[in-house]
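> Predicted model and sequence below, questions to follow.
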Amino acid sequence: MTPVNTANPQEQQTALVVGATGIAGSALVDALTAGGWQVLAISRTPGTDRDGVRWLPADLTSQESLAAALANEHPTHVFFTAWSRQDTEEENIVVNAGMLRSLLAVLRDKAVAHVALMTGLKHYLGPFEAYGEGEMADTPFHEEEPRLPVRNFYYAQEDELFAAAAEQGFSWSVHRAHTVIGHAVGNAMNMGLTLAAQATLCRDSGEPFVFPGSQTQWNGLTDMTDAGLLAEHMLWAATTPAAANEAFNVVNGDVFRWRWMWPRIAAHFGVAWEGFEEAPRPLEQAMAGRAGQWRELAGRHGLAEAELGRVASWWHTDGDLGRTIEVTADMGKSRVAGFTGYRRTLDAFIDLFERYRTEKLIP
């Protein structure tokens, strides 16, 4: 892990993690507590009790709720990883930029030193409803590329962050991740647990593990972001002067092709596989009507979550694997600034699957 700068050990650093039960947020809580930070964890419902973490249940869409939760708190560093999926991008802008604006308003007089914002590669690709449309930059994407001429809640969040930083005097960082895999249940964008659920259901019913995506994704190069690496990156930027007031891509550091990765994931689960054949075979169709199968399987194996809808996000994995464009991100800016974190994506997947097994999320 990239070391956290604790230049003044006499001064207790307190981190506020917003979206603390999500994939990125829970990895941040792990990394922060391991580094000796005191953690204030905001989520709609509290997570598991643990040393060094105080849960602050709050409604992020209500400034009054946030103000009540943070009335007596004085975080030094803020890590914003939450989002709320809406039906249209205009609604995404209103809700998601509004959540960040409300939080920063509540923190106005609390002498925050740094705010780190997690976004993603839709900064370069466009929002879901205009995904991959229009003229985009060449891959790998670089941070200095201009914004696309479309409305995008990532841009709106950045603008809220920049305005508050200029007014309040804190430093900031933006972290553009690509397909984050990590440990979380009930998350709307969790390819790791989604693929684990797909493989488990296929093995249970004797079906092949079918690649659901496009020919481009099957044959082309891609990359991903492990949640643990993302947490390291956000802590590094929050505590490294050279990283202040910058936007960074953050991916594992390797590239791969799904035609290489898919058989290896299948082998880990002991299931036969099929690659791309003529056209995509989306999971939303292929896995429809499997809730009863999952409940029966969960009961048989004593799994911790019996509701398939809280385990698998078919739509999101279909979106990622169904793209007809190559998507990779350059990490040169982070490397030059001193970040050396790295993950091998296959190892990240296997480690994650084993953690799911240990915690009884899959058999």
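Here it is on my side, so go on. Numbering: from 1, shown residues only.

> Confirm that Val94 sits in a strand.
No - using DSSP: H, G, I helix; E, B strand; the rest coil, the assignment for Val94 is helix, not a strand.

> Apart from its chain neighbours, what residue comes closest to it?
Leaving aside its sequence neighbours, Val94 sits nearest to Gln86 (Cβ to Cβ, 6 or more residues apart in numbering; 7.8 Å). Quick note: C-beta positions are derived from backbone N, CA and C, even for glycine.

> swap in Ala238?
Closest residue to Ala238 apart from its sequence neighbours, by Cβ to Cβ, 6+ apart: His114 at 4.6 Å.

> if we can go back for a sec, element containing the residue nearest to Val94, please.
Assigned by DSSP states H and E, Gln86 belongs to no helix or strand.

> quick one: low-confidence parts of the stretch 1-150 of the chain?
Judged by pLDDT under 70, the stretch 1-150 of the chain has its weakly predicted residues at 1-11, 131-134.

> just checking, the residue nearest to Val94 touches Val95?
Yes - counting by Cβ atoms under 8 Å, Gln86 does reach Val95; the two are 5.5 Å apart.

> ok, which stretches of the stretch 201-350 of the chain are helices?
Under the criterion DSSP state H, counting those that start in this stretch, helices of the stretch 201-350 of the chain are mapped to 215-219, 227-239, 258-269, 283-286, 291-301, 314-321, 332-337, 345-358.

> The stretch 1-150 of the chain too?
23-34, 63-69, 89-92, 98-106, 122-125.

> Nearest approach to Leu229 belongs to which of the ones you listed?
Closest approach to Leu229 among the helices of the stretch 1-150 of the chain (Cβ to Cβ): helix 23-34, 8.6 Å.

> Which other helices and strands does that closest one contact?
Judged by 3 or more Cβ pairs under 8 Å, 6 or more residues apart in numbering; DSSP states H and E, helix 23-34 is in contact with strand 14-18, strand 38-43, strand 180-181, helix 227-239.

> Tell me which of these lies nearest to Arg264.
That would be strand 180-181 among these, by Cβ to Cβ, at 14.5 Å.

> Specify the beta-bridge partners of Trp172.
Val115 (DSSP bridges).

> thought it was touching Phe162?
Yes - counting by Cβ under 8 Å, Trp172 touches Phe162, with 7.2 Å between them.

> Who has more neighbours out of those two?
The neighbour comparison of Trp172 against Phe162 (other Cβ atoms under 10 Å) goes to Trp172, with 21 against 13.

> how far away is that one from Gly228?
Relative to Gly228, Trp172 is positioned 22 Å away (Cβ to Cβ, to the nearest Å).

> Nearest residue to the middle of this protein?
Nearest to the mean C-alpha position of the chain, counting by Cα atoms, centre = their mean, stands Val180 at 4.3 Å.

> Quick check: it touching Ala24?
Yes - the criterion here is Cβ under 8 Å, and Val180 meets it with Ala24 at 6.0 Å.

> Name the residues contacting each of those two.
Common neighbours of Val180 and Ala24 (criterion: Cβ atoms under 8 Å, 6 or more residues apart in numbering): Ala227, Leu230.

> any idea which of the helices of the stretch 1-150 of the chain is most buried?
Comparing these by mean neighbour count (mean count of other Cβ atoms under 10 Å), helix 23-34 ranks first with a mean of 24.

> so that one versus helix 227-239, what angle?
Interaxial angle, helix 23-34 versus helix 227-239 (axes from the mean of the first three to the mean of the last three Cα atoms, to 10 degrees): 60 degrees.

> distance between helix 23-34 and the chain's centre?
12 Å (Cα atoms, centre = their mean, to the nearest Å).

> Ok, stretch 317-325 next?
Counting by Cα atoms, centre = their mean, stretch 317-325 is centred 17 Å from the centre of its parent chain.

> roughly how far apart are Leu308 and Ser205?
Distance of Leu308 to Ser205, given as Cβ to Cβ: 13 Å.

> between the two, who's got more neighbours?
Leu308 (19 against 10).

> these two touch, right, Pro46 and Val53?
No - assessed by Cβ under 8 Å, Pro46 is found out of contact with Val53, at 9.6 Å.

> who has more neighbours, the two?
For Pro46 versus Val53, neighbours defined as other Cβ under 10 Å are more numerous around Val53 (21 against 15).

> which ones are touching the residue lying closest to the more buried one once chain neighbours are set aside?
Counting by Cβ to Cβ, 6+ apart, Val39 is the residue found nearest to Val53 once chain neighbours are left out, at 4.6 Å. Shown in contact with Val39 (Cβ under 8 Å, 6+ apart): Thr14, Ala15, Val17, Ala20, Val29, Leu32, Thr33, Gly52, Val53, Arg54.

> Save these as JSON lines, and put in distance to Met234 too.
Formatted as JSON lines, those follow (distance: Cβ to Cβ, whole Å):
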{"residue": "Thr14", "distance to Met234": "15"}
{"residue": "Ala15", "distance to Met234": "10"}
{"residue": "Val17", "distance to Met234": "10"}
{"residue": "Ala20", "distance to Met234": "13"}
{"residue": "Val29", "distance to Met234": "12"}
{"residue": "Leu32", "distance to Met234": "10"}
{"residue": "Thr33", "distance to Met234": "14"}
{"residue": "Gly52", "distance to Met234": "17"}
{"residue": "Val53", "distance to Met234": "17"}
{"residue": "Arg54", "distance to Met234": "20"}
